[in-house]
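Colleague: let me see the structure of the following:
(one chain, ligands or ions: 2)
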Amino acid sequence: MAVLFLSEPARGAVFERAFADALPDLPFHLGHAPDPAAVDYMVAWTPPADLSAYPNLRLIFSVGAGVDQFDLTALPPQVGVVRMLEPGIARQMVQMAVMAVLALHRDLPAYLDQARQGRWQARANRPAEATRIGVMGLGQLGQAVLDALAPFGFARAGWSRSPRSLPGVDCMTDLDAFLARTDILICLLPLTEQTRGILNDDLFARLPDGAHLVHLGRGAQLEPGALERALDAGLASAWLDVTNPEPLPADHPLWRDPRVIVTPHVASQTDAADGAAHVIAGIRADRAGRDAPGLIDRGRGY
Ligand code: NDP
Ligand code: OXD
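Modeller: Numbering: from 1, shown residues only. Ligands and ions are numbered 1, 2, ... in the order given. Next up is the predicted model:
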């Protein structure tokens with residue numbers, strides 16, 4: 001039995017120390033396993049394309065919260081995929097989402113634009129109760145964001161594939177009805193074949209006039225050009241932490257659109273020590289015959 005770590009060496013050194021403390025009986029290899037057939041567990045952002053050298057691999061742990069960088073169809077069927085669930089990811093996501101929602105609710109893009117022009121001009125403040133937040137994706141991140149927004153008084157709704165129930169949140173599965181009641185749309189969906197390009201012309205057309213977008217999921221959920229068209233057709237502003245393409249090229253017009261704030265995919269960053277603790281907990285669960293926390297459903301893609 002062994003673990004093979006295939007991500008950044010600095011992060012790997014933190015994992016190596018944590019494994020030596022917590023699972024001293026389990027050989028831990030950084031970057032290369034002397035005996036690939038002994039590898040049961042792999043930690044990676046993306047695994048090697050050809051896994052045939054690792055016939056006894058049981059689980060691949062993603063070093064990130066998403067698993068869309070894996071080609072799930074190419075992995076051997078018996079290999080489980082585990083997403084990163086260290087608690088700092090949700091804490092940081094909450095900070096980013098609250099900052100973005102308040103910025104758009106309080107017209108920060110317009111005030112930044114006025115400031116660049118030296119223009120002192122007040123806009124009317126809208127009550128939070130009159131602003132309807134809608135979160136696409138009611139997983140651990142969508143739920144944490146909706147909880148954190150509760151004290152501000154916004155009307156809150158969420159959209160997911162299966163029916164959910166969350167206190168104070170209108171949980172919906174009907175996308176049309178959800179969009180029609182959403183003034184600030186937050187995307188926190190995983191990237192799958194069903195969600196690729198979901199932020200498209202048709203979706204933006206179904207939002208009320210003057211709505212805003214906060215995109216925190218994955219860049220490829222945004223159809224290229226659709227945001228620019230939506231901004232011309234009545235979408236008020238957008239905060240993008242993820243873009244399509246990503247990274248956003250320096251000459252891309254969205255960088256210079258005063259209605260848009262772009263951050264370079266920094267909403268959450270995995271802490272190495274807490275990430276190692278999550279992987280160790282997963283290996284312990286697997287060795288005890290239980291599912292590792294964060295084990296995804298490969299058929300669903302998340
Ligand atoms: P979860 O797997 O916990 O939750 C996913 C949610 O999305 C579930 O509610 C699920 O519905 C819903 N969903 C999935 N597919 C569909 C669909 N086709 N239609 C409707 N709803 C759907 O994910 P997390 O909350 O942990 O993370 C979400 C994503 O956030 C990650 O996959 C990643 O891409 C992104 N992320 C971005 C970061 C950044 O720095 N910008 C950092 C971390 C994550 P159901 O409840 O029915 O299963
Ligand atoms: C992740 C991310 O998936 O940073 O961890 O988006």
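
Colleague: pretty sure Val98 sits against Ala148.
Modeller: Yes - the criterion here is C-beta atoms under 8 Å, and Val98 meets it with Ala148 at 5.5 Å. For the C-beta atoms, the positions are set from N, CA and C on the backbone; glycine is no exception.

Colleague: overlap in contacts, the two.
Modeller: Counting by C-beta atoms under 8 Å, 6 or more residues apart in numbering, Val98 and Ala148 have no contacts in common.

Colleague: got the CA coordinates for stretch 159-177 in CSV?
Modeller: Output of stretch 159-177 as CSV, limited to C-alpha atoms (Å, rounded to 0.1, in the frame of the first residue of the first chain):
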residue,chain,number,x,y,z
TRP,A,159,-31.7,26.2,-7.7
SER,A,160,-30.5,22.6,-7.8
ARG,A,161,-31.1,19.5,-9.7
SER,A,162,-32.8,17.6,-6.9
PRO,A,163,-35.3,19.2,-4.4
ARG,A,164,-33.7,20.7,-1.3
SER,A,165,-35.0,22.3,1.8
LEU,A,166,-33.1,25.1,3.6
PRO,A,167,-34.5,27.4,6.3
GLY,A,168,-35.4,30.8,4.9
VAL,A,169,-34.4,29.9,1.3
ASP,A,170,-36.9,29.3,-1.5
CYS,A,171,-35.4,26.1,-2.9
MET,A,172,-36.4,25.6,-6.6
THR,A,173,-35.9,23.1,-9.3
ASP,A,174,-37.7,25.1,-12.0
LEU,A,175,-35.0,27.2,-13.7
ASP,A,176,-37.4,29.6,-15.5
ALA,A,177,-39.2,30.5,-12.3
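
Colleague: need the residues that contact that stretch.
Modeller: Contacts to stretch 159-177, defined as C-beta under 8 Å, 6+ apart, come from residues 134-139, 142-143, 146, 150, 155-158, 178, 181, 203, 206.

Colleague: out of those, which sit inside helices?
Modeller: Among the contacts of stretch 159-177, the ones falling in helices (DSSP state H) are Gly142, Gln143, Leu146, Phe178, Leu203.

Colleague: in CSV, list those along with neighbour count.
Modeller: Shown next, in CSV, are these (neighbours: other C-beta atoms under 10 Å):
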residue, neighbour count
Gly142, 27
Gln143, 19
Leu146, 26
Phe178, 23
Leu203, 22
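
Colleague: from Phe204, how far off is the nearest residue to Tyr111 once chain neighbours are set aside?
Modeller: Nearest-residue entry for Tyr111: Arg123, 7.8 Å, with adjacent residues in sequence omitted and distances by C-beta to C-beta, 6 or more residues apart in numbering. Distance of Arg123 to Phe204, given as C-beta to C-beta, to the nearest Å: 23 Å.

Colleague: and for Ala226?
Modeller: According to C-beta to C-beta, Ala226 stands 6 Å off from Phe204.

Colleague: pLDDT value on the closest residue to ligand 2 within the stretch 51-200 of the chain, please?
Modeller: With C-beta to the nearest ligand atom as the measure, Gly64 is the residue of the stretch 51-200 of the chain nearest to ligand 2, at 2.9 Å. Listed pLDDT for Gly64 reads 95.

Colleague: now it, nearest residue through space, not along the chain?
Modeller: With sequence-adjacent residues excluded and distances taken as C-beta to C-beta, 6+ apart, Gly64 is closest to Met84, at 5.5 Å.

Colleague: what's the local residue count around that neighbour?
Modeller: The tally of other residues near Met84 (other C-beta atoms under 10 Å) stands at 23.
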